[in-house]
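*Asks:* The sequence isn't on hand, but the structure is:
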């Protein structure tokens, strides 16, 4: 379950960056609006960040099911393929404007990039 | 004493008709102008969450306005120019008989020249050659391009302004035109609202904001459904509305036909949230009260409200809450309709199109239907909203418009000569 928890951590980090608060104070059972204070615009920003980070499409019809952080984590875990999950670097929180999972996959698969990274 | 201000001419370019007669016939018939998205080819419509819009199909400005001006301006300014020309003709204004410095133009536009803006940005990055950016890009994209081109086209040298407050832009254009005449700065002001930002980027932005309807992509005419329980966001539209505002003595001298008097106007900020209205509706109620106060009228005298009613879950509820606070039991005796149910939300043009609709209702005693009002949402139910055309004399009417940036505007119109 290491891969799954890394997705959870990543989502928590995205949220923490958006709320400008310490991730350790955010708990999975917290309600996005009532406990974390996300209004509709902030919620859509979070969904945007997640769609980008995990290369997902979250339709409007699914929004009523995303009430708590745990709902969001379960939703993303169910949609991100296991293989891709394993490649999500848990140490690299992806916040606004950062690479999508697909781009990370590409990067990890490229020996050239890896070699370059090693050199550095 | 401040002069009375009246409306003597109307013009409109809309998804259900170019020209007042066609628009109004189709409005009272309850015709929808919402169709499948076809304003651009790439990215394909299928890649967007929402795939429908209130589009003006087959619009060719040269069919309505002569001369080379129309080639050099963005589509929103073309729509505004055509609406302004119709309003001037409707009012019987002949510029050769007017003192040019006494005739002004005030335009409301929410997005402005986005079509041209996106086209030129694409050119720049596709070619990587700055010299490929068209020399007319800057004059066309500056937000006052429409007010400029209208003044140029007709030789109007009075106050020339552009107001941009998102979806309430043109309610303020009309309100400021009203105050411009009242303060003696002009005899006549052409007040216009225009927006035509059905563009790949703007549409994507509204999709990302999850503001647009996406449940009715296969049934476009059913998508814009203000006050109905099944609503799921607004349908984006394009268009322009124009009104000729004139001091009463000036209109009398010309023996002009008078649609109604502009009796009051209020402009407020909720100072609350960039895109969400204050949930309890108090700020909307305050704006309505201030506008009625300027008109020296009581809520009990109001007969009809052309609501902002975009077909979003929160917006429609909040507007009705505001109306109930002001009108109390009378709220269920008012005629209320939503023009956006016919044509979608034309953003910065919405206030002017709403005002044109309000004045036509006063003029014809017909209240156009609110389309798709099939299952009234108990949170925003009012007895005077109907999916059918209603008949009734309207002496006093309100036009509402609210915009992103926590912005509210309300206009009050009064039948000329009524008390």
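*Replies:* Received, thanks. No experiment lies behind these values; they were computed from the predicted model shown.
*Asks:* what about the helices in chain A?
*Replies:* Remark: helices assigned in chain A by DSSP state H are A:2-19, A:40-54, A:69-79, A:82-87, A:101-109, A:111-119.
*Asks:* mean confidence for the fourth one?
*Replies:* Predicted confidence along helix A:82-87 averages 59 (mean pLDDT).
*Asks:* Would you mind listing the residues in contact with the closest residue to residue B:31 other than its chain neighbours?
*Replies:* With sequence-adjacent residues excluded and distances taken as CB to CB, 6 or more residues apart in numbering or on different chains, residue B:31 is closest to residue B:16, at 5.3 Å. Where you see a C-beta, it was placed from the backbone N, CA and C, and this is true even at glycine. By CB atoms under 8 Å, 6 or more residues apart in numbering or on different chains, the contact set of residue B:16 is B:22-23, B:26-27, B:31-33, B:342-343.
*Asks:* Please determine how far residue B:201 is located from residue B:35.
*Replies:* Distance of residue B:201 to residue B:35, given as CB to CB, to the nearest Å: 21 Å.
*Asks:* about what we covered before: among the contacts of residue B:16, name the buried ones.
*Replies:* Among those, those buried by neighbour count (16 or more other CB atoms under 10 Å in any protein chain shown) are B:23, B:26-27, B:31-33, B:342-343.
*Asks:* Please identify which pair of the residues you listed lies farthest apart.
*Replies:* B:23 and B:32 (13.0 Å; CB to CB).
*Asks:* Residue B:201 and residue B:35: who's more crowded?
*Replies:* Neighbours per residue, other CB atoms under 10 Å in any protein chain shown: of residue B:201 and residue B:35, the larger number sits with residue B:35, 17 against 13.
*Asks:* Make sure that one is indeed in a helix.
*Replies:* No. Residue B:35 sits outside any helix when classified using DSSP: H, G, I helix; E, B strand; the rest coil, being strand.
*Asks:* pLDDT at it, what is it?
*Replies:* 98.
*Asks:* doesn't residue B:58 make contact with it?
*Replies:* No. Contact criterion CB atoms under 8 Å: residue B:35 and residue B:58 do not qualify, at 11.9 Å.
*Asks:* Could you measure from residue B:376 over to residue B:281?
*Replies:* Using CB to CB, we find residue B:376 at a distance of 18 Å from residue B:281.
*Asks:* When the two are compared, which one has more neighbours?
*Replies:* Neighbours were counted for residue B:376 and for residue B:281 using other CB under 10 Å; residue B:281 has more, 20 against 15.
*Asks:* Using the three-state scheme, assign the nearest residue to that one once chain neighbours are set aside.
*Replies:* Among residues not flanking residue B:281 along the chain, residue B:321 sits closest, at 3.1 Å (CB to CB, 6+ apart). Recorded secondary structure, residue B:321: helix (three-state DSSP).
*Asks:* Spit out the contact partners of residue B:321.
*Replies:* By CB under 8 Å, 6+ apart, the contact set of residue B:321 is B:279-281, B:284-285.
*Asks:* quick one: pLDDT of it?
*Replies:* On pLDDT, residue B:321 comes in at 98.
*Asks:* give me the element residue B:178 is part of.
*Replies:* Element membership for residue B:178 (DSSP states H and E) is helix B:169-182.
*Asks:* Around chain A, pick out the residues from the stretch 151-300 of chain B.
*Replies:* B:208-210, B:214-215, B:232-233, B:273-276 (CB under 8 Å from any CB of the partner chain).
*Asks:* Swap in 7 Å and give it another go.
*Replies:* Contact residues (CB under 7 Å from any CB of the partner chain) of the stretch 151-300 of chain B with chain A: B:208-210, B:214, B:232, B:273-276.
*Asks:* Could you identify which of those residues has the most neighbours?
*Replies:* residue B:210 (22 neighbours).
*Asks:* In terms of mean pLDDT, which of the helices of chain A ranks lowest?
*Replies:* Sorting these by mean pLDDT places helix A:111-119 lowest, at a mean of 34.
*Asks:* so residue B:191 sits in a strand?
*Replies:* Yes. The assignment for residue B:191 (three-state DSSP) places it in a strand.
*Asks:* Could you provide the residues of the stretch 151-300 of chain B next to chain A in a markdown table, with additional columns for pLDDT and secondary structure?
*Replies:* Below are those laid out as a markdown table (pLDDT from 0 to 100; DSSP: H, G, I helix; E, B strand; the rest coil):
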| residue | pLDDT | secondary structure |
| --- | --- | --- |
| B:208 | 96 | helix |
| B:209 | 95 | coil |
| B:210 | 95 | coil |
| B:214 | 97 | coil |
| B:232 | 97 | coil |
| B:273 | 92 | coil |
| B:274 | 93 | coil |
| B:275 | 92 | coil |
| B:276 | 91 | coil |
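*Asks:* Neighbours of the residue of the stretch 301-419 of chain B found nearest chain A, how many?
*Replies:* Residue nearest to chain A within the stretch 301-419 of chain B: residue B:314 (7.7 Å; CB to the nearest CB). Residue B:314 has 14 neighbours, counted by other CB under 10 Å.
*Asks:* confidence score at it?
*Replies:* Confidence at residue B:314, expressed as pLDDT, is 96.
*Asks:* partner residues bridging residue B:54?
*Replies:* Beta-bridge pairing of residue B:54 under DSSP bridges involves residue B:34, residue B:237.
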